[in-house]
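*Asks:* predicted model follows, preceded by the sequence.
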Amino acid sequence: MQTTAIATTVFITPDQLLQHWQGHRSLTRKAIEAFPEQELFNYSIGGMRPFSALALELATLSILGVHGAVTGTWKQLEEIYPDNTNPTTKEGLLQLWDDATDYLNVFWPQIPEDRWQETTRILGQYEGTFYSAILYWLDNENHHRGQGFVYLRSLGIQPPFFWDRGQSW
């Protein structure tokens with residue numbers, strides 16, 4: 001019996017995906033910084049949530065997602081990160097954002113290689129693979145950052161350039 005090996009090419013490594021995501025996170029951080037504090041927490045258009053709530057969701061998903069990918073279990077944010085789960089100031093939100101960034105950098109390399117293709121109940125609710133959840137979280141961040149950009153423009157504030165993600169092309 002003859003066996004034929006099929007060569008595969010990796011499109012993107014986990015480290016490259018993290019670098020890409022961190023570039024988006026850097027841009028979202030710049031958007032948070034661009035908001036005046038009161039508008040960050042109170043301004044909305046058309047019934048959408050204030051940008052602080054959107055940013056809090058994104059930071060939370062980052063921490064919960066990488067924790068779930070490393071451990072295979074899903075917890076509440078307070079169980080993983082009890083210090084600053086509901087910031088009420090711009091400084092507090094930026095601190096949580098930076099802590100989530102550090103959390104990703106520390107725990108991302110610990111994601112088991114076989115976990116990427118594993119099917120699970122993401123956040124205990126949504127069935128899918130870990131890689132599909134991470135791609136969703138990146139898409140979700142782009143979507144919410146776009147909402148923030150609309151808010152900034154409506155306030156007469158120039159948002160950061162969408163391509164300014166701290167990466168070299």
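*Replies:* Great, that's in hand. What you are looking at is a predicted structure, and each value in this text was computed from that prediction instead of being measured.
*Asks:* what lies in contact with the helix or strand bottoming out on mean pLDDT in the chain?
*Replies:* Within the chain, no helix or strand scores below helix 77-80, which has a mean of 80 by mean pLDDT, DSSP states H and E. Applying Cβ atoms under 8 Å, 6 or more residues apart in numbering, the set of residues contacting helix 77-80 from outside is 60, 63-64, 67, 85. C-beta: built from backbone N, CA, C; applies to glycine.
*Asks:* so which pair among the residues you listed is furthest apart in space?
*Replies:* Comparing every pair within the contacts of helix 77-80 by Cβ to Cβ identifies His67 and Thr85 as the most remote, at 13.7 Å.
*Asks:* could you pull out the strands for the chain?
*Replies:* Applying DSSP state E to the chain gives strands spanning 119-122, 126-129.
*Asks:* now distance to Gln95 too, for those, in a markdown table please.
*Replies:* Compiled in a markdown table, the strands of the chain are given as follows (distance: least, Cβ to Cβ, whole Å):
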| stretch | distance to Gln95 |
| --- | --- |
| strand 119-122 | 26 |
| strand 126-129 | 29 |
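*Asks:* what's the helix ranked longest in the chain packed up against?
*Replies:* When the chain is scanned for its longest helix (criterion: DSSP state H), the result is helix 130-154. The helices and strands touching helix 130-154, judged by 3 or more Cβ pairs under 8 Å, 6 or more residues apart in numbering; DSSP states H and E, are helix 14-34, helix 51-71, strand 119-122.
*Asks:* now do 10 Å
*Replies:* helix 14-34, helix 37-42, helix 51-71, strand 119-122, strand 126-129 (3 or more Cβ pairs under 10 Å, 6 or more residues apart in numbering; DSSP states H and E).
*Asks:* ok, which of those comes nearest Val150?
*Replies:* Nearest to Val150, of the helices and strands packed on helix 130-154 and by Cβ to Cβ, is helix 51-71 at 9.7 Å.
*Asks:* tell me the contacts of Leu58?
*Replies:* 24-25, 28, 32, 97, 100, 137-138, 140-141, 143-145 (Cβ atoms under 10 Å, 6 or more residues apart in numbering).
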